[in-house]
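*Asks:* Here is my input, please return the structure:
(one chain, ligands or ions: 1)
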Amino acid sequence: MDVRADVVVVGAGVIGLTVGVCLAEQGLRVQVCTRSAPSATTSAVASAMIWVRPDLVADAATRVRERVSFEEFTTLAALEGTGVATRRGRLVSRQPSPLPAGLQHCTPQELPAGFSTGFWTTLPLVDMPVYLDYLIRRLQAAGGQIEYRELHSLDELSGRAPLVVNCAGLGARELVADRTVRSLRGQHVIVDNPGLAEFFVEMPWGPAWVAYWPYAEHVVLGGIAIPDDEDPEPDLVLAEQIHQRCIEVEPRLRDARVRAHQVGLRPVRPEVRLEIEQLDGMRCVHNYGHGGSGVTLSWGCAREAVALLMR
Ligand SMILES: Cc1cc2nc3c(=O)[nH]c(=O)nc-3n(C[C@H](O)[C@H](O)[C@H](O)COP(=O)(O)OP(=O)(O)OC[C@H]3O[C@@H](n4cnc5c(N)ncnc54)[C@H](O)[C@@H]3O)c2cc1C
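*Replies:* Predicted coordinates:
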């Protein structure tokens, strides 16, 4: 790709594609540069549940980003072909914990053995492979292009475009030498859907927790979080533990045929890096380090990144 663009977006995960869509739909000539296909990114592995924290744990900026995304995904859920659907489900905890006001609390009968509190909520769930394809179509419909290329430095983009958005996820560790970015390995088991319509998620998340998210044909079972383990191969012992924990909560999953195993590395950072930096001849906005919430934060962060870039 040698055509000069208005902006180069590095990364074709959910963060880069969402930024690319926002910029292209504003009329900019957008080139997305990625070393891997969107279907081979961490984003393709996310479950992905869109949620707004019902507590005040998150800082104000995060809460705004979550709220913006939640509204966008709720709108997308009403459209065909996006991969987004709203589903009802339970968020539960093993420890007694204060429940957010205004939500329907689980009755004792609705709490599986070992759980002491929980509530019902309705959230968008995103079938990520379908959703990433939708974003690519939307990007291309607005004139955006995708180039497959590995960058070793943002300086390689010098002369290509005056604007750059760095959405390299875990790759930012090497690309911009950010040693605060770390990997938090996740693994899913994908099974046939035996007729489940409601999700179930244990909170708070620790190294291992129970979670299942039903889609039309399949159910995604999780979850684990292992720091600094970057093994891309599924651990079949862990997979069996994931499946068993879910069966204890939902016995209908016992005979569900295993379709696939998935591994993804969450790009964690002490906080999301969303800031502007003047590089040699280029104005760059960094937008990476979204950890286990990149889909949830994607639209909010994209809108902020665009505002920073156009300032
Ligand atoms: C098991 C699991 C479950 C999850 N569940 C949820 C969930 O329920 N809800 C939620 O909101 N989030 C969830 N997440 C987190 C979410 O998946 C991530 O936060 C999100 O995908 C990060 O997106 P990204 O675009 O920053 O990174 P990625 O998807 O990793 O994309 C990075 C892009 O940058 C490109 N790149 C990197 N380096 C270079 C380079 N040097 N040159 C060129 N290109 C480069 C890559 O090729 C890729 O295209 C989950 C993650 C995992 C692993």
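*Asks:* how close does residue 221 sit to residue 115?
*Replies:* 17 Å (CB to CB, to the nearest Å). Placement of C-beta: from N, CA and C, glycine included.
*Asks:* Residue 112 is in contact with residue 246, isn't it?
*Replies:* No - under the criterion of CB atoms under 8 Å, residue 112 makes no contact with residue 246, lying 10.5 Å away.
*Asks:* so residue 170 makes contact with residue 42?
*Replies:* Yes - with contact defined as CB under 8 Å, residue 170 and residue 42 form a contacting pair (6.9 Å).
*Asks:* Check which helix or strand residue 90 maps to.
*Replies:* Secondary structure here is read from DSSP states H and E; on that basis residue 90 sits in strand 84-93.
*Asks:* Which residue does the stretch 201-311 of the chain have closest to the ligand?
*Replies:* residue 294 (2.2 Å; CB to the nearest ligand atom).
*Asks:* For that residue, grab the count of nearby residues.
*Replies:* One way to gauge burial is a neighbour count; for residue 294, by other CB atoms under 10 Å, it gives 25.
*Asks:* follow-up on the earlier one: okay, residue 112 and residue 246: which has more neighbours?
*Replies:* More neighbours surround residue 246 than the other of residue 112 and residue 246, with 25 against 16 (other CB under 10 Å).
*Asks:* Please list the residues of the stretch 151-300 of the chain that sit near the ligand.
*Replies:* Residues of the stretch 151-300 of the chain lying near the ligand by CB under 6 Å from any ligand atom: 151, 167-171, 175, 186, 188, 264, 266-267, 288, 290-296.
*Asks:* So which of those residues sit within strands?
*Replies:* Those of these mapping onto strands are 186, 188, 264, 266-267, 288, per DSSP state E.
*Asks:* Which members of these are the farthest-apart pair?
*Replies:* Farthest apart among those by CB to CB are 188 and 288. That separation is 22.4 Å.
*Asks:* picking that back up, could I get the average pLDDT for whichever helix or strand comes after the strand holding residue 90?
*Replies:* Remark: after strand 84-93, the chain's next helix or strand is strand 104-105, criterion DSSP H and E. Computed over strand 104-105, the mean pLDDT rounds to 91.
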